[in-house]
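Peer 1: here you go, sequence then predicted model.
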Amino acid sequence: MSGLESFLDMLAERQASFILLDGRAYSLAETNTNPDFLRTGGIRFDLIPSLTFLELENLSEKLQTERIETYCTEYIKARIDQKIKRQDEIDREGSRLKSLDYAMSELLPFLLSKKYDDDDNLLLSLISDDDDLVDEITPQERAKKEIQEILKSRFGEVEGNEEEINLAEEMRLSLLREEKNNLESEIGFDYNEHVGSLYEFSIDTPLFISNNLVYSLIKIENPKEDESIIHVNNESYRMHARADMHVSDLSERLLDKRKNIWRIAALERTQTAFDEINNRKREKDASKQYMRKLAELDELNLDNLCGFFIKSGDLYVYTQVPKFATQDSRDVNRFWPYDSTKVAIRLNWSRGQIYSSDSPIIVEPREHHPCLRNRTSGNSSICNLSRDSGDYGHTKIDLVRKISDAATALMEPLNPGSLKSHPGPNHRFFGDPVDDILGGNERSLTRKQAHEQGYMIVEVVERGYTGEE
């Protein structure tokens, strides 16, 4: 809300120069009696201790009580409207919940379970009924438990046996957790209403503000007599040569944190504002409750291995391919590096059946990848798949293979089969010569360079034929 200010604005309006140090503000005076002083250009100014940050925060809040109350009221109303609108959208899209439930209970446990076992054993566990071939606790079961723990950690325990649940109170507490988490992640320590919001800015780096510019102060030992210094609490500092920021930028950062704290206080004392949604009941089944919470997310990443995202209302499940360097079968000692990439398929639910009729997509743009139709815009289909998208079935193993085949095609653009399917001296991919797409030999790496830089090395020709030890 416009019109709200931090106490730093108040100080800057009243004083051209002041110092922030050890949780307190210091003003400058044209006297020569204090042990704390600023000396510059042969002129000495006394430093007079003023109010602490907490005292300044409290004073600032008292001067704008009505504006803060209006801001908090408008904030709560806006968040309620946002939550209700989002919930209504989800309620109208039951198919997304069903698709999401299938992804979380079937596909993602398999993709996440790669961390526990190799691909062959994982596929065996999907198709085999032989108890001797499957561990007592399969990799997928371990992954399912891990996902449940992730959901509990993110959303808390859910109760499935209550006859009636006050969703208004649940929403209030959910917003309260969200605001506290935002504040704690921003300032790096637990929310505490007794801490002035400027403390974390100047606890390690004292600040000097002059003519609306903010300079950090650097502690020095044994300053020279003619050196410009600031001396406070038996310590000497010199001003950084260049300003760190404008005072308005620092004030905006302070005000953002104060707004966060005001919102938390408003949520902690406010319940009546949520009464309009008391008729909403939370679903009893714990799994469905998690699905509803998940459906509000734009993306969920599981250990940087797999996850889902929502795009234009559609659900995509992806596997995360780590950064890799792929061998060029024309020159087996040359490897082409690519950053970590998501390979995704779109899921739909209709008539009690999960299906994925579209081609897999590569989410991030990859300018120098031959097999992508849209190299610079992202969300591109990929050529050189071993079969058309329509050739896959709709079982779990079919969907897993669909993602796996796309990931393989991504990681092996220059294998012998790929180059054979693009004949000619230039090996054109979507009309462009492959060497033009790759971006020049300076992009390529040797196997040793790729290994040293942490790339997963993808061999497309047997190691014995590379001519290397």
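Peer 2: Sure, I can see it.

Peer 1: which residue ranges of the stretch 151-300 of the chain form strands?
Peer 2: 207-210, 213-220, 229-232, 235-239, 245-246, 299-302 (DSSP state E, counting those that start in this stretch).

Peer 1: compute the number of surrounding residues for Arg229.
Peer 2: You called it Arg, but residue 229 is Ile. Ile229 has 18 neighbouring residues, counting by other CB atoms under 10 Å. Any C-beta I mention is one placed from the backbone N, CA and C, and that applies to glycine too.

Peer 1: for it, what are its contacts?
Peer 2: Listed by CB atoms under 8 Å, 6 or more residues apart in numbering, the contact partners of Ile229 are Leu38, Arg39, Ile220, Pro223, Ser236, Tyr237, Arg238.

Peer 1: if we use 6 Å, what do you get?
Peer 2: Ile229 makes contact with Arg39, Pro223, Ser236, Arg238 under the criterion CB atoms under 6 Å, 6 or more residues apart in numbering.

Peer 1: now render those residues as TSV, adding neighbour count and pLDDT.
Peer 2: Shown next, in TSV, are the contacts of Ile229 (neighbours: other CB atoms under 10 Å; pLDDT from 0 to 100):
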residue	neighbour count	pLDDT
Arg39	17	88
Pro223	15	86
Ser236	17	91
Arg238	16	89
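
Peer 1: make CSV from the residues you listed and add distance to Lys145 to it.
Peer 2: Below are these laid out as CSV (distance: CB to CB, whole Å):
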residue, distance to Lys145
Arg39, 65
Pro223, 61
Ser236, 58
Arg238, 57
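
Peer 1: wait, which of those is closest to Asn301?
Peer 2: Arg238 (45.2 Å; CB to CB).

Peer 1: look up how far Arg39 lies from that closest one.
Peer 2: Arg238 sits at a distance of 10 Å from Arg39 (criterion: CB to CB, to the nearest Å).

Peer 1: repeat that for Thr446.
Peer 2: If you go by CB to CB, the gap between Thr446 and Arg39 works out to 59 Å.

Peer 1: what of Arg177?
Peer 2: Arg177 is 50 Å from Arg39, by CB to CB.

Peer 1: same question, Arg366
Peer 2: 58 Å.

Peer 1: shaky segments in the stretch 251-400 of the chain?
Peer 2: Flagging of the stretch 251-400 of the chain using pLDDT under 70 yields the residue ranges 271-287, 384-390.

Peer 1: mind running it again at 80?
Peer 2: Applying pLDDT under 80 to the stretch 251-400 of the chain picks out residues 268-289, 292, 350-352, 383-391, 394.

Peer 1: need the strands of the stretch 151-300 of the chain in JSON lines (columns: distance to Arg373).
Peer 2: Putting the strands of the stretch 151-300 of the chain into JSON lines (distance: least, CB to CB, whole Å) gives the following:
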{"stretch": "strand 207-210", "distance to Arg373": "52"}
{"stretch": "strand 213-220", "distance to Arg373": "49"}
{"stretch": "strand 229-232", "distance to Arg373": "61"}
{"stretch": "strand 235-239", "distance to Arg373": "56"}
{"stretch": "strand 245-246", "distance to Arg373": "44"}
{"stretch": "strand 299-302", "distance to Arg373": "23"}
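
Peer 1: domain parsing for this structure?
Peer 2: Domain ranges of the chain: 1-93+163-297, 312-465, per automatic domain parsing.

Peer 1: over to Leu51: give its phi and psi.
Peer 2: phi -70, psi 160 (degrees, to the nearest 10).

Peer 1: can you count the residues close to it?
Peer 2: 15.

Peer 1: sec struct for the closest residue to it other than its chain neighbours, please.
Peer 2: Closest residue to Leu51 apart from its sequence neighbours, by CB to CB, 6 or more residues apart in numbering: Ala25 at 6.3 Å. Here Ala25 is recorded as strand under DSSP: H, G, I helix; E, B strand; the rest coil.

Peer 1: what's across from Ala25 in the sheet?
Peer 2: Ala25 forms beta bridges with Leu20, as assigned by DSSP bridges.

Peer 1: got a pLDDT number for it?
Peer 2: Predicted confidence (pLDDT) for Ala25: 88.

Peer 1: so which of the strands of the stretch 151-300 of the chain gets nearest Trp336?
Peer 2: Nearest to Trp336, of those and by CB to CB, is strand 299-302 at 26.0 Å.

Peer 1: who touches the very next helix or strand once past that closest one?
Peer 2: Per DSSP states H and E, strand 299-302 leads on to strand 306-311 as the next helix or strand towards the C-terminus. Outside strand 306-311, the residues that touch it by CB under 6 Å, 6+ apart are Ala103, Leu108, Leu111, Leu112, Asp298, Glu299, Leu300, Asn301, Tyr316, Val317, Thr319.

Peer 1: let me have those residues in CSV, adding distance to Asn182 and neighbour count as columns.
Peer 2: Listed next are the contacts of strand 306-311 as CSV, based on distance: CB to CB, whole Å; neighbours: other CB atoms under 10 Å:
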residue, distance to Asn182, neighbour count
Ala103, 27, 25
Leu108, 27, 25
Leu111, 30, 23
Leu112, 27, 23
Asp298, 16, 8
Glu299, 18, 12
Leu300, 18, 19
Asn301, 19, 14
Tyr316, 27, 23
Val317, 28, 27
Thr319, 30, 24
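
Peer 1: just the ones of those residues in helices?
Peer 2: Cross-referencing those against helices under DSSP state H gives Leu108, Leu111, Leu112.

Peer 1: which one of the residues you listed is nearest Val461?
Peer 2: The closest of those, once distances to Val461 are taken by CB to CB, is Leu111, at 28.0 Å.

Peer 1: mind listing what the closest one touches?
Peer 2: Cys306, Thr319.

Peer 1: low-confidence ranges, the stretch 1-150 of the chain, go.
Peer 2: Short version for the stretch 1-150 of the chain, where the test is pLDDT under 80: 1-2, 22, 41, 80-97, 114-137.

Peer 1: how close does the nearest residue to Asp298 once chain neighbours are set aside get to Leu151?
Peer 2: Nearest residue to Asp298 in three dimensions, chain neighbours excluded: Ile310, at 5.6 Å (CB to CB, 6+ apart). Distance of Ile310 to Leu151, computed by CB to CB: 17 Å.

Peer 1: again with Lys180
Peer 2: The value you get for Lys180 to Leu151, if CB to CB is used, is 20 Å.

Peer 1: between the strands of the stretch 151-300 of the chain, which one is closest to Asp405.
Peer 2: The nearest among the strands of the stretch 151-300 of the chain, by CB to CB, is strand 299-302 at 21.1 Å.

Peer 1: and the closest one, what does it pack against?
Peer 2: Judged by 3 or more CB pairs under 6 Å, 6 or more residues apart in numbering; DSSP states H and E, the packing partners of strand 299-302 are strand 306-311.

Peer 1: helices along the stretch 51-200 of the chain, start to end?
Peer 2: Using DSSP state H, counting those that start in this stretch, the helices found in the stretch 51-200 of the chain span residues 53-63, 65-92, 94-102, 108-112, 119-127, 139-155, 167-187, 199-202.
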